[in-house]
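Asker: Give me the fold of what follows.
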Amino acid sequence: MSVALVWLALLMGAATYPWRVIPLLAPGIDRLPPTVREYLRLVGPAMLATLAAVSLAVAVDPTSRARSLHVGPEWLAVAACVVLVAARRGLLLGLIVAAGLIAGLRALNLA
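Answerer: Below you'll find the model as predicted:
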């Protein structure tokens, strides 16, 4: 088991934490213009979505370290998540369905 990515996870947590904590610590955050509040609310999920998209779409060959586009069943889970998030206007249900879909496909050896 490799722990090389632990430092990357800590770095990304440090990079996204200030944007997630601003609404909790900044007094008068409710007096900001609505577009600024919406931006601050969506920065964290956008950063996490970017990290997830890279790990989903880019496959790295362990021997040659060559990168290539990966298209697999994970894209089905992403599509289901996007549809549910857009329909329900909430992230939690979409993430649960996407994770459950991939877990089910992996349990059936289809992913």
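Asker: What does the pLDDT read for the closest residue to Pro73 other than its chain neighbours?
Answerer: Nearest non-adjacent residue to Pro73, counting by Cβ to Cβ, 6 or more residues apart in numbering: Ala111, 4.2 Å away. Yep, even glycine has a C-beta here, placed from its N, CA and C like the rest. What the model reports as pLDDT for Ala111 is 70.
Asker: Leu108 now?
Answerer: 91.
Asker: So what's the residue count around it?
Answerer: By other Cβ atoms under 10 Å, 8 other residues sit near Leu108.
Asker: Make 129 the first number, not 1, from now on.
Answerer: With the count now opening at 129, the last piece we talked about shows up as Leu236.
Asker: Contact partners for Met140?
Answerer: When contacts are counted by Cβ atoms under 8 Å, 6 or more residues apart in numbering, Met140 touches 175, 179.
Asker: any idea how far Met175 is from it?
Answerer: From Met140 across to Met175, the span is 7 Å (Cβ to Cβ, to the nearest Å).
Asker: What of Val182?
Answerer: 11 Å.
Asker: So between those two, which is more surrounded?
Answerer: Higher neighbour count among Val182 and Met175: Met175, with 15 against 9, using other Cβ under 10 Å.
Asker: tell me the contacts of that one?
Answerer: 140, 143-144, 147.
Asker: if I look at it, how far off is Arg159?
Answerer: Taking Cβ to Cβ, one finds Met175 at 25 Å from Arg159.
Asker: Surely the residue nearest to Pro201 touches Ile230?
Answerer: Yes - Ala239 is within contact range of Ile230, at 6.1 Å (criterion: Cβ atoms under 8 Å).
Asker: Spit out the residues that contact the two alike.
Answerer: 201-202.
Asker: Specify the local secondary structure of Thr196.
Answerer: For residue 196 the amino acid is Ser, not Thr. Following DSSP: H, G, I helix; E, B strand; the rest coil, the label given to Ser196 is strand.
Asker: What are the buried residues along the helix ranked longest in the chain?
Answerer: Taking DSSP state H as the criterion, the chain has its longest helix at helix 162-185. Using 16 or more other Cβ atoms under 10 Å as the test for burial, helix 162-185 gives 168, 172, 177, 184-185.
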